[in-house]
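K.L.:
When you get a sec, could you give me coordinates for this:
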Amino acid sequence: MKKVIVILFLISISQFINAQEVDLDNKYFIGGSVNFSIQNNFSPITSLPAIFPNEVSSSSNNDFKRTILYFSPYIGKELNPKLYIGANIGYTIAHLTTNLTSIGSPPSDEFKINSNEIEFGLFFRQLINPSNSLKFYIQPYFDYNILNEKTYVGSDYTEEIDVKYYEVGARIGLMYYVSKNFRAIMQTRLFSYTGGSWKNSIDNKSQSFNSFNTYLNLSSFGLGFEYRW
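P.N.:
Residues are numbered from 1 along each chain as shown. Take a look at the predicted model:
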């Protein structure tokens, strides 16, 4: 699978090099996404991290709350009618609180996790049918992410984890021009490969990780808009 990803990016880069030889009107475009969610009383009951092997988060009381804010603007350039290139930056803030519950015991200390994540990305967009009004495209991408997560139990600061990882994959989507300067897009991830490492700054433990995922699910398609000039 790694070879498939490398081949996909080599094809995109070769398209990018060839596109430089074409006389274009140099159209640029911008877009982005914003997600905000608040979740209360998480269900079902889930285990907390391994440092609390005998603890669970309560789902029988409204003591679980998770708030997530994510935004990711991007800018791109149309190199030719078939190939676009772009870059994005993203930022995520997440906050989780619940009460720790020992099985068979009433809630005790508050458990809290605060996390911040920044993302840097590059992408190529290859249009398959540029002459059609409804255009289909495939979009290889590369993201690099830096995550910091701090854990508190009661008033005690118990853990801090720093994670650095990259993600290589591809999205597929549809694009339709609403007007000369605005277009609607609908896209989803096709597959991704993630690799990186995390380190606990409290006890200096560290470990590497990797994963491969596919996303062929119609419910994962998202709708967005782009402005071009």
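K.L.:
Now do the buried residues in stretch 156-164.
P.N.:
Neighbour-count burial for stretch 156-164 flags 159, 161, 163 (criterion: 16 or more other Cβ atoms under 10 Å). Using the backbone N, CA and C atoms, a C-beta is placed for each residue, glycine as well.
K.L.:
and which of those residues is nearest Pro140?
P.N.:
Set against Pro140, the nearest of the buried residues of stretch 156-164 by Cβ to Cβ is Val163 (23.4 Å).
K.L.:
Which helix or strand contains the closest one?
P.N.:
In this structure, Val163 sits in strand 156-177 according to DSSP states H and E.
K.L.:
Direction included, what does that strand pair up with?
P.N.:
Using DSSP bridges, the strands paired with strand 156-177 are strand 134-153 (antiparallel), strand 182-200 (antiparallel).
K.L.:
what would these look like in CSV with distance to Gly32, mean neighbour count and mean pLDDT?
P.N.:
Below are these laid out as CSV (distance: least, Cβ to Cβ, whole Å; neighbours: other Cβ atoms under 10 Å; pLDDT from 0 to 100):
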stretch, distance to Gly32, mean neighbour count, mean pLDDT
strand 134-153, 15, 17, 96
strand 182-200, 11, 16, 94
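K.L.:
now those strands as TSV including distance to Ile85?
P.N.:
Output for the strands paired with strand 156-177, formatted as TSV (distance: least, Cβ to Cβ, whole Å):
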stretch	distance to Ile85
strand 134-153	10
strand 182-200	16
